[in-house]
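Q: sequence first, predicted model second:
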Amino acid sequence: MASILLKLKAKVERPLDASVISPDSFTGKSLQEIENLEMWRGNRKITLGEIFDVSGETSQKTEDITIEIEGDLPTARRIGKQMTSGKIIVKGKAGLYLGDGMKGGEIHVHGDADSWVGFDMRGGTIEIEGDAGDFVGSSYRGSREGMRGGTILIKGSAGSQVGCWMKDGVIRVERDVGLSAGGHMKGGTIFIAGNSAGRLGAEMTKGKVILMGKVPAILPSFIADEIQSKAKVSGEKIAGPFYTFTGDIIEEGSGKLFISVPNNTHLKYKEAYLL
């Protein structure tokens, strides 16, 4: 195994295009060649070595490379872009578009991450120890192509539109989410251990959203089905009971919402409409 350490020299104030920080980009290169990789800081082209001290050992095999980044990089964008294997560990904060187009491998962030984590993701695993911004596993503005595979785990909270236009894969959020989780969802699974701000599954057509916490209301375009004792996430059984809903009927959808019964007593009136 080859471990390459990138130690931040100084705080980066301007937006930094960090898309070259990927095991795929480092494969087969010497440490000096890695230092000479070009990046954009704001509107100026620089080298990776101007931002980081680079040390460690390299490899000819992408799957053997682990990149460790020391320092907060909230302005760094597209770390791990289109990576296929290997591992990236961020010992601090990460910026926008973490794992953009990721196809395989692992990314582990010890701090928070900004919006669009797992944008256009196809495979692999992203784990965030802290909070994430909006659009986790979602499509970019104007696109209908969200996450298509892989797993995203947020151990803190996430913002609005988690899994928007998602087609496949799994997103797990261990705390709360903002509005419209699962919006326009076409497949895959979203598991939320905390609360939702509302509008779960708006305009979804397929897929599954499981909520363990509270939600203010269920959209009227979802049909109350039944009460189930459990739900499943990647084969793991999650104990309920859950109210289940199908929708969004505005889109002729067959998506499923699993809503915790004990944490949503205000939805008890829905039991009169169960099939």
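A: Alright, I've got the coordinates.
Q: so who does Gln32 touch?
A: Contacts for Gln32 (C-beta atoms under 8 Å, 6 or more residues apart in numbering) come out as none. Placement of C-beta: from N, CA and C, glycine included.
Q: just to confirm, which helix or strand has it in it?
A: helix 31-35 (DSSP states H and E).
Q: next, the residues that contact stretch 97-109 from outside, please.
A: 19, 23, 63, 77-90, 93-94, 113-114, 116-130, 150.
Q: residue ranges for the strands of the stretch 151-275 of the chain, please.
A: 168-173, 186-192, 206-211, 223-233, 236-247, 255-260 (DSSP state E, counting those that start in this stretch).
Q: and the last one, what's buried?
A: I take that to be strand 255-260. For strand 255-260, burial by neighbour count (16 or more other C-beta atoms under 10 Å) applies to 255-260.
Q: before we move on, back to that, now the strands of the stretch 151-275 of the chain as TSV including mean pLDDT and distance to Ile46?
A: Output for these, formatted as TSV (pLDDT from 0 to 100; distance: least, C-beta to C-beta, whole Å):
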stretch	mean pLDDT	distance to Ile46
strand 168-173	98	34
strand 186-192	98	38
strand 206-211	98	42
strand 223-233	96	43
strand 236-247	96	45
strand 255-260	98	45
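Q: just send those back as TSV, with distance to Ser55 too.
A: Output for these, formatted as TSV (distance: least, C-beta to C-beta, whole Å):
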stretch	distance to Ser55
strand 168-173	34
strand 186-192	39
strand 206-211	43
strand 223-233	39
strand 236-247	39
strand 255-260	48
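Q: circling back to that earlier point, quick one: buried ones out of the contacts of stretch 97-109?
A: So, by 16+ other C-beta under 10 Å, the buried ones in the contacts of stretch 97-109 are 19, 23, 77-90, 93-94, 113-114, 116-128, 150.
Q: so how far is Glu236 from Ile21?
A: In this view, Ile21 and Glu236 are 32 Å apart by C-beta to C-beta, to the nearest Å.
Q: correction: the previous question concerned Met102.
A: 23 Å.
Q: the two: which has the busier surroundings?
A: Met102 (30 against 9; other C-beta atoms under 10 Å).
Q: after the helix holding Gln32 comes which helix or strand?
A: strand 38-41.
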